[in-house]
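3D, please:
(chains A and B)
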Amino acid sequence: MNMPRKMASWHCFQKSLVRATNRGKSMKFSQLFLPVLKEDPAEAQVVSHKLLVRAGMIRQVTSGVYNWLPFGLQVLRKVENIVREEMNRAGAQEVLMPMVQPAELWQETGRWQKYGAELLRFTDRHEHESCLGPTHEEIVTDLFRRNVYSYKQLPLNVYQIQTKFRDEIRPRFGLMRGREFMMKDAYSFDENKKSALESYATMRDAYHRIFKRLELDYRMVLADSGSIGGDHSNEFHVLAATGEDDLLFDPNGDYAVNVEKHDAENCPVAEDQLEKAKGIEVGHIFYLGTVYTDPMEVKIQGQEGNLQPVHMGCYGIGVSRIVAAAIEQNHDEHGIIWPMALAPYHVGIIDLRPDDEACKQAAEKTIAALSEKGLTYAHDDRAEKPGAKFATMDLIGLPWQCTLGPRELADGLVEWKNRRTGERTKLAVGELPAELSNAMAVAA
RNA sequence: CGGGGCGUGGCGCAGCCUGGUAGCGCGUCUGGUUUGGGACCAGAAGGCCGGAGGUUCGAAUCCUCUCGCCCCGACCA
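Predicted structure coming up:
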């Protein structure tokens, strides 16, 4: 190499920078911790649980508690990022609150008594009682009252994406009802009800954007407020046969309701016009009013210098549950079919003969073409039989597959397959299907 | 918590009724032959049968207790 020394090291630095940037975005199967299973795990009942385990995304540690493996974590992060972007766009600010919470705050609201056995309590070495956070109204309200004093600082909306723990009576269905799970929880603070309902509407709109971006078939329904309290709430459900909730909705209008909340007497739509569907609850938003701020004696100063109550709203999204719900809604007999927005990688490169020179070159060209478009890929470079590679790629559900093999490469062609439609096309090496080429532009 | 089921190499299972010292398929490792929809041959590794106690000459198998997991019900993102 006749490059000046400085140049050479700069060149190397750039290369390593690129490698570092791409780390986690693209991967070789031969190096990936992706333990796939041919058979369904005995303990799994629902399809999302079976496929999450078979596709090497999660492994159970104990009842309702899971390890996230690299492939699964990629998807979880995709969901998180979409949620995060839309929360930020809606003006909410990200914080991170603790999992361990002192009993005193829960005693202030009376929930230390009311919450029941689902609240996992424990005592530390100082005989001090604590719990693992199943939700954060107490913590966030305490944070607020210690730091916000004036109407001028409102409205305020903070959120976090964090691990929650609820000691469920019966965890089940894998990620659907775990004890430990990932949740996005947001909390809004306003100086009056009118403003609080505007904050509520802002969050509601953000939720619609989130579920659209996640490419999921969902419904927003009227809901019961449950134990959280408050008098106004909507749930967001992903439609799926395995859903635990029954929904009623007007296919020609906006009206939709959880049957728990349904009241035939006051329903604005004729009973026979309503359609039924099963839903998986993945989001729930509440107007809380002052149910937490009153007992915790939260007051702010208004324009006249008077002390006035604070109106809250809280807004949850079951981030890890969305991963399961997405699979319930997007799979076939061969495995998962990821929407582009959630796919751990956009393209799976099925390299039938990684030892073959033509395949090597084709893989390089394909990778270059994908990188140029900002698409990520997983490269199956294992020395497996073709059938095993096809089956694995179908199972893990990357939206596009590109098969490189000596047969087609003799004519300079590779085969592209759309995982969802099964449609196959033969294209020149390095050429991408138009649909895929456009995908990134559409997403952006 | 009430009702039901199940714990046997990494995964899926058989063996248990009728005690005699653990087997099958997949996966893994070595070598070779293969290579377009889960290959073949030849070798090999890997299990105190969830745990404790008991019965017995002898327990995966019978008895008691215990722990864990799954399913059905009341609760929830």
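
Now do the closest residue to RNA strand B within the stretch 201-350 of chain A, the pLDDT please.
Nearest to RNA strand B, among the residues of the stretch 201-350 of chain A, is residue A:318, at 2.7 Å (Cβ to the nearest atom of the strand). No exception for glycine: its C-beta is placed from N, CA and C like everyone else's. pLDDT for residue A:318: 97.

any idea how far residue A:338 is from residue A:35?
According to Cβ to Cβ, to the nearest Å, residue A:35 stands 19 Å off from residue A:338.

More neighbours: the two, which one.
residue A:338 (24 against 13; other Cβ atoms under 10 Å).

got the contact list for the more buried one?
Contacts were defined as Cβ atoms under 8 Å, 6 or more residues apart in numbering; by that measure residue A:338 touches A:75, A:326, A:330, A:344, A:397-399, A:419.

one step back: identify the bridge partners of the residue of the stretch 201-350 of chain A closest to RNA strand B.
Note on residue A:318: beta-bridge partners by DSSP bridges are residue A:183.

Run a quick neighbour tally on it.
Residue A:318, neighbours per other Cβ under 10 Å, totals 26.

what residues does the stretch 151-300 of chain A put near RNA strand B?
Within reach of RNA strand B by Cβ under 7 Å from any atom of the strand, the stretch 151-300 of chain A has these residues: A:166, A:168-173, A:176-179, A:181, A:183, A:226-228, A:235, A:244-245, A:281-284.

Run through the stretch 151-300 of chain A and note the low-pLDDT ranges.
For the stretch 151-300 of chain A, the stretches flagged by pLDDT under 70 are A:225-231.

Which residues does stretch A:198-214 contact?
By Cβ under 8 Å, 6+ apart, stretch A:198-214 touches A:79, A:82-83, A:86-87, A:89-92, A:155, A:157, A:186, A:188, A:190, A:218, A:220, A:232, A:234, A:236, A:238, A:282-283, A:285, A:287, A:313, A:315, A:317, A:322, A:326, A:339, A:341-342.

Which ones among those lie within strands?
Among the contacts of stretch A:198-214, the ones falling in strands (DSSP state E) are A:157, A:186, A:188, A:190, A:218, A:220, A:232, A:234, A:236, A:238, A:282-283, A:285, A:287, A:313, A:315, A:317.

Would you mind writing the PyMOL command to select the buried ones in these?
To isolate the buried ones among the ones in strands among the contacts of stretch A:198-214 in PyMOL, judged by 16 or more other Cβ atoms under 10 Å, type:
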select buried, chain A and resi 157+186+188+190+218+220+232+234+236+238+282+283+285+287+313+315+317
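
How is chain A divided into domains?
Domains of chain A are assigned by automatic domain parsing as A:47-332, A:345-443.

Distance from the longest one to the middle of the chain?
Meaning domain A:47-332. 13 Å (Cα atoms, centre = their mean, to the nearest Å).

and if you look at the shortest one?
In terms of Cα atoms, centre = their mean, the gap separating the centre of domain A:345-443 from the centre of its chain is 26 Å.

what pLDDT, on average, does it get?
Domain A:345-443 comes out at a mean pLDDT of 94.
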